[in-house]
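Asks: Just need the structure, nothing else, for what follows:
(chains A and B)
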There are 2 protein chains.
Amino acid sequence: MLQLDTKNREINMLQETKTAILVIGGAEDKVHGREILHTFWLKSGSKESKIAIIPSASREPTIIGDRYLKIFEDMGSKYLKVLDIRDRSQGDNSSFKEYIEECTGVFLTGGDQLRLCGLLADTPIMERIRQRVHLGEITLAGTSAGAAVMGHHMIAGGSSGESPNRALVDMAMGLGIIPEVIVDQHFHNRNRMARLLSAISNHPECLGVGIDEDTCAMFDGHGIITVMGRGTVSIVDARSMSYTNQGKIGAEEPLSLHNLQIHILSYGDGYNLKKHQPIKAN
Amino acid sequence: MLQLDTKNREINMLQETKTAILVIGGAEDKVHGREILHTFWLKSGSKESKIAIIPSASREPTIIGDRYLKIFEDMGSKYLKVLDIRDRSQGDNSSFKEYIEECTGVFLTGGDQLRLCGLLADTPIMERIRQRVHLGEITLAGTSAGAAVMGHHMIAGGSSGESPNRALVDMAMGLGIIPEVIVDQHFHNRNRMARLLSAISNHPECLGVGIDEDTCAMFDGHGIITVMGRGTVSIVDARSMSYTNQGKIGAEEPLSLHNLQIHILSYGDGYNLKKHQPIKAN
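Replies: So this is what the prediction gives:
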């Protein structure tokens, strides 16, 4: 009961804040308008922001960490730190923990989502980030692999160019920041509809969220997603699925999924996570 | 009124027959089980079949015509003819017209759907084929380009790897055999969901039918589609679409499409075109 009250309090507090979770489909504009990164920066407190960049998904954390460092520096941030966690023990590093207490925004770079979860899941630093995000105290963004980890169930990998089938997708546990979604990125760009459908067939209670490159699904604290960027966000809603052969067939056999709802959302469109309804752009 | 009566009579006759229209997603098995081609052959009358192969979509009509000739010969057909139409004037060729009167099945090969329509649309031969198909007198199959031409509206070409947008798809007039559908082929294989969605955004009254490779959507005379083969048939039903920005935006801007129904159908599944409902495999 105490736990539930705490949760409710957390949700209420989130609703009162202006922080957000930015789930970015990869390949976001880093050179020109940089609208998505700029929005993250604004939501993190703009010139007063204190941003933690976590490049742990990448095998080149120094290069990628520096790249984002320069971008946010260029926007006007004075307080920036790359938390270059390469070992799980660093997830308890006291100077990192201190920075997380003070920061206003956390940015998860691209790379390999399994690597990111392997290094961060259940570490004190990650737990504290999650808590502060849920309290609405800080803004979180993740791009590509950093986006994939947002749900409880995570697409760890897979392939494309086939009909939907269970073997097309490798699932793992994500960081559970937005537990009810399964995110896929580089979505229409890399032919991932079949992969997302395959993931959803096994978790129809989750909402499939396929995000195109240079596109962002921004989750506010009120259960509203807003779309920003150059592409679309595809919402796959299987709550009304009337039939699937999932569980009755071999892993490589084609899947049936009857009666799915799909919404293609573009710039300015939204989605109400509680009402399960799309919202058209003004 | 006379026209309407004729149409009704045609539909009724079609319902009483066992012929079908096989819409094949390309790359159908030509070597091993050859189930789809064998079904076409059976529906055309098996050993008593008299099959017309039309390779006009292809720029190598001799090679592709011969290939299908040998396949059906191998199955046991004695009466086979390649109608190698390379010029619209041949669409009135009397020996071809005679053969169409006698045949029990017509097979349209792959190639370029614009080429196929350019050579065949509105020719006496094509008109007679359509009439006999609608009368339920003959079975028709089309693979790849031969599948694309089935609807009134046809996807003539386009690209992939982008968010749905109007410039992603080139539309043209098809042969209108099954007027109410827009077919796309090599569907999940070639990342064509965005292209089909883009086509449907402009024609929400049409049913989008995306067919994977080595997969067939078989239309019987009763308004029922049945799925056969190795992949899936994706049905995109936009009748309940609540919003699209199509028409308000530039051709290359990302599309919104809210509240689409999608069904992924696999082997043995069906779809009722009149009730707009998927049917699960037995």
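Asks: all contacts plus neighbour counts: C-alpha atoms, from now on.
Replies: Noted.
Asks: all strands for the stretch 151-282 of chain A, in order.
Replies: Defined through DSSP state E, counting those that start in this stretch, the strands belonging to the stretch 151-282 of chain A, from first to last, are A:153-158, A:169-173, A:181-184, A:207-211, A:215-219, A:224-229, A:233-237, A:243-244, A:257-265, A:270-272, A:277-279.
Asks: show me the contacts for the residue lying closest to A:V169 once chain neighbours are set aside.
Replies: Across the structure, with CA to CA, 6 or more residues apart in numbering or on different chains as the measure, the residue nearest A:V169 apart from its sequence neighbours is A:G158 (4.2 Å). When the contact criterion is CA atoms under 8 Å, 6 or more residues apart in numbering or on different chains, the partners of A:G158 are A:167-170, A:195.
Asks: can you do 6 Å?
Replies: Shown in contact with A:G158 (CA atoms under 6 Å, 6 or more residues apart in numbering or on different chains): A:168-170.
Asks: Most neighbours out of those, which is it?
Replies: A:L168 (24 neighbours; other CA atoms under 10 Å in any protein chain shown).
Asks: Return the distance of that one relative to chain B.
Replies: Separation of A:L168 from chain B (CA to the nearest CA, to the nearest Å): 12 Å.
Asks: and that residue, what does it touch?
Replies: Contact criterion CA under 6 Å, 6+ apart gives A:158-159, A:195 as the residues in contact with A:L168.
Asks: Flag every residue of the stretch 101-250 of chain A that's near chain B.
Replies: Residues of the stretch 101-250 of chain A lying near chain B by CA under 6 Å from any CA of the partner chain: A:161-163, A:188-189, A:191, A:231-232.
Asks: what would those look like in TSV with pLDDT?
Replies: Converted to TSV, those look like this (pLDDT from 0 to 100):
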residue	pLDDT
A:G161	97
A:E162	97
A:S163	97
A:H188	98
A:N189	97
A:N191	97
A:G231	98
A:T232	98
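Asks: Can you tell me the centre-most residue of chain A?
Replies: If you average the C-alpha coordinates of chain A and look for the closest C-alpha using CA atoms, centre = their mean, you land on A:A147, 3.1 Å from that point.
Asks: Quick check: mean pLDDT of the host helix or strand of that residue?
Replies: Taking DSSP states H and E as the definition, one finds A:A147 inside helix A:145-148. When the per-residue pLDDT values of helix A:145-148 are averaged, the result is 98.
Asks: CA atoms of it as CSV?
Replies: Coordinates of the C-alpha atoms in helix A:145-148 are reproduced here as CSV (Å, rounded to 0.1, in the frame of the first residue of the first chain):
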residue,chain,number,x,y,z
ALA,A,145,19.8,1.9,-28.5
GLY,A,146,19.1,4.5,-25.9
ALA,A,147,15.4,4.5,-27.1
ALA,A,148,15.1,0.8,-27.3
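Asks: Mind listing what's buried along that helix?
Replies: Neighbour counts using 16 or more other CA atoms under 10 Å in any protein chain shown place A:145-148 of helix A:145-148 among the buried residues.
Asks: who's in contact with it?
Replies: Taking CA under 6 Å, 6+ apart as the rule, helix A:145-148 contacts A:23-24, A:108-113, A:183.
Asks: quick one on the thing from earlier: and which of the contacts of A:L168 is nearest to chain B?
Replies: Proximity to chain B was ranked across the contacts of A:L168 by CA to the nearest CA; first place goes to A:R195, at 9.8 Å.
Asks: what about the closest one, neighbour count?
Replies: Here the number of neighbours of A:R195 (other CA under 10 Å) works out to 29.
Asks: quick one: contacts for it?
Replies: The neighbours of A:R195, taking CA under 6 Å, 6+ apart as the test, are A:168-169.
Asks: before we move on, back to that, okay, the contacts of A:L168 in a markdown table with pLDDT next?
Replies: Rendered in a markdown table, the data for the contacts of A:L168 read as follows (pLDDT from 0 to 100):
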| residue | pLDDT |
| --- | --- |
| A:G158 | 96 |
| A:S159 | 95 |
| A:R195 | 98 |
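Asks: can you give me the helices in the stretch 51-200 of chain A?
Replies: Using DSSP state H, counting those that start in this stretch, the helices found in the stretch 51-200 of chain A span residues A:61-75, A:94-102, A:113-120, A:124-134, A:145-148, A:193-202.
Asks: which one of these is the most hemmed in?
Replies: Of all the helices of the stretch 51-200 of chain A, helix A:145-148 has the most neighbours on average by mean count of other CA atoms under 10 Å in any protein chain shown, namely a mean of 30.
Asks: Without its sequence neighbours, what residue ends up closest to A:E162?
Replies: Leaving out its chain neighbours, the residue that sits closest to A:E162 by CA to CA, 6+ apart is B:N189, at 5.1 Å.
Asks: how many neighbours does the one you found have?
Replies: A count of nearby residues for B:N189, using other CA under 10 Å, gives 19.
Asks: residues in contact with A:P61?
Replies: With contacts defined as CA under 6 Å, 6+ apart, A:P61 is in contact with A:P55.
Asks: same question, A:V149
Replies: A:174-175 are the contacts of A:V149 under CA under 6 Å, 6+ apart.
Asks: Then the one 5 residues further on?
Replies: With contacts defined as CA under 6 Å, 6+ apart, the neighbours of A:M154 are A:171-174.
Asks: Tell me what it is bridged to.
Replies: The residues paired with A:M154 through beta bridges, assigned by DSSP bridges, are A:A172.
Asks: so what pLDDT did it get?
Replies: Confidence at A:M154, expressed as pLDDT, is 98.
Asks: From B:N165, how far off is it?
Replies: When distances are taken as CA to CA, to the nearest Å, A:M154 and B:N165 turn out to be 28 Å apart.
Asks: Repeat that for A:K47.
Replies: For A:K47, the distance to B:N165 (CA to CA) stands at 36 Å.
Asks: out of the two, which sits in the more crowded spot?
Replies: B:N165 (24 against 15).
Asks: got the contact list for the closest residue to that one other than its chain neighbours?
Replies: If you skip the residues right next to it in sequence, B:N165 has B:P254 as its closest partner in space, 4.8 Å away by CA to CA, 6+ apart. For B:P254, the contacting residues are A:231, A:266, B:164-165, taking CA under 6 Å, 6+ apart as the criterion.
Asks: rerun at 8 Å
Replies: Residues touching B:P254, when contacts are defined by CA under 8 Å, 6+ apart, comprise A:230-232, A:266-267, B:163-166.
Asks: now A:D87
Replies: Remark: with contacts taken as CA under 8 Å, 6+ apart, A:D87 is in contact with A:L119.
Asks: which phi and psi does it have?
Replies: Backbone dihedrals for A:D87, given as degrees, to the nearest 10, come out at phi -150, psi 140.
Asks: circling back: mind checking the helices of the stretch 51-200 of chain A for the one nearest to B:T62?
Replies: Taking CA to CA as the criterion, helix A:193-202 is the member of these that comes nearest to B:T62, at 36.1 Å.
Asks: residues near whichever residue of the stretch 1-150 of chain A sits closest to chain B, how many?
Replies: Among all residues of the stretch 1-150 of chain A, A:G25 sits closest to chain B, at 11.7 Å; criterion: CA to the nearest CA. Around A:G25 sit 33 other residues, with neighbours defined as other CA under 10 Å.
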